[in-house]
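# following is a predicted model, sequence given first.
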Amino acid sequence: MTISLFELNPAMDRAAIAARFAADRRVQIRDVLTPDAATALHEVLTRTRWGLGWRAGEDGPHGIEAAALQRLPAAEHNRIGQAIFATMRGGDYAFSYARYPILDAYLGKWDPDGPYDILLEHLNAPPFLDLIRFVTGMPELCKADAQATLFAANQFLPLHIDAQSAEGWRVAYVLSLCREDWRPDWGGYLQFFDADGDVIAGYRPRFNALSLFAVPAPHAVSYVPPFAPVGRYSITGWFRDR
């Protein structure tokens with residue numbers, strides 16, 4: 001039997017989900033995929049060869065692909081890590097997380113008709129786009145990009161707002177695929193902030209849960225500490241109107 005990588009759960013209460021998004025401009029949809037589809041997609045993530053996305057102040061952003069990352073000398077790994085932490089201590093902006101750039105891979109034909117190509121086509125097919133248009137009340141959404149991400153120990157994405165309106169970004173998404181019973185003290189939460197810097201909402205890393213939020217919006221992925229025994233798997237990106 002062939003398992004789809006992106007078969008939507010037919011039992012979703014779409015009207016209730018849309019009402020929550022209209023009220024808060026964000027929503028997390030539990031069990032968005034069928035169990036078999038979510039399990040198949042999780043398996044793809046566990047087999048991924050991860051690169052690295054990082055920035056340390058004006059140095060970056062950088063995307064190092066998996067093969068280049070494997071060849072990177074240990075001294076350069078250490079330099080990058082130290083630069084990231086020094087930047088954050090100094091109050092500037094930095095981030096670090098493992099990544100596989102799905103859209104770049106698709107356009108560059110890294111793995112033609114491979115699972116990530118198939119996934120990206122599902123994200124841009126009418127069944128999924130129509131769900132997002134209905135939930136958000138934004139019929140003008142016309143396409144989605146995507147990257148696979150893994151936040152492991154010492155990785156994080158600090159407060160930012162996703163204000164790239166020129167890119168057509170309207171709605172950000174995080175498809176969480178964490179199999180483990182994720183503990184709050186493992187970090188990795190998608191957090192939302194008000195104008196005073198207070199956390200007003202947070203979504204725990206879960207299995208088969210799709211978080212949507214209108215952008216720009218102040219948000220972050222909280223720091224994953226060294227004692228976290230597993231990493232935070234997800235597919236992330238933006239729905240665009242152009």
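Arrived safely.
# which element, helix or strand, includes the closest residue to residue 46 other than its chain neighbours?
Leaving aside its chain neighbours, residue 46 sits nearest to residue 233 (7.6 Å; criterion: Cβ to Cβ, 6 or more residues apart in numbering). All C-beta spots, glycine's among them, are computed from the backbone N, C-alpha and C. Using DSSP states H and E, residue 233 falls within strand 232-240.
# that strand: partners in the sheet, and parallel or antiparallel?
strand 143-144 (antiparallel), strand 147-151 (antiparallel), strand 169-177 (antiparallel) (DSSP bridges).
# Serialize those strands to TSV and add fields for distance to residue 222 and mean pLDDT.
Below are these laid out as TSV (distance: least, Cβ to Cβ, whole Å; pLDDT from 0 to 100):
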stretch	distance to residue 222	mean pLDDT
strand 143-144	25	98
strand 147-151	9	98
strand 169-177	13	98
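# residue 218 is nearest to which of these?
strand 169-177 (11.9 Å; Cβ to Cβ).
# buried sites along the closest one?
169, 170, 171, 172, 173, 174, 175, 176, 177 (16 or more other Cβ atoms under 10 Å).
# just checking, the fifth one touches residue 144?
Yes: taking contact to mean Cβ atoms under 8 Å, the distance of 7.5 Å between residue 173 and residue 144 places them in contact.
# okay, and the common contacts of those two?
132, 237, 238, 239 (Cβ atoms under 8 Å, 6 or more residues apart in numbering).
# which residues touch the third one?
In other words, residue 238. 144, 145, 162, 167, 169, 170, 171, 172, 173, 215.
# wait, the last one touches residue 162, no?
Yes: the pair residue 215 / residue 162 is scored as a contact, 3.9 Å apart, by Cβ under 8 Å.
# go through the protein and flag its longest helix.
Counting by DSSP state H, the longest helix found in the chain is helix 74-89.
# could you pull up the mean pLDDT of that helix?
Regarding helix 74-89, the rounded mean pLDDT is 97.
# against which helices or strands is it packed?
strand 51-56, strand 94-100 (3 or more Cβ pairs under 8 Å, 6 or more residues apart in numbering; DSSP states H and E).
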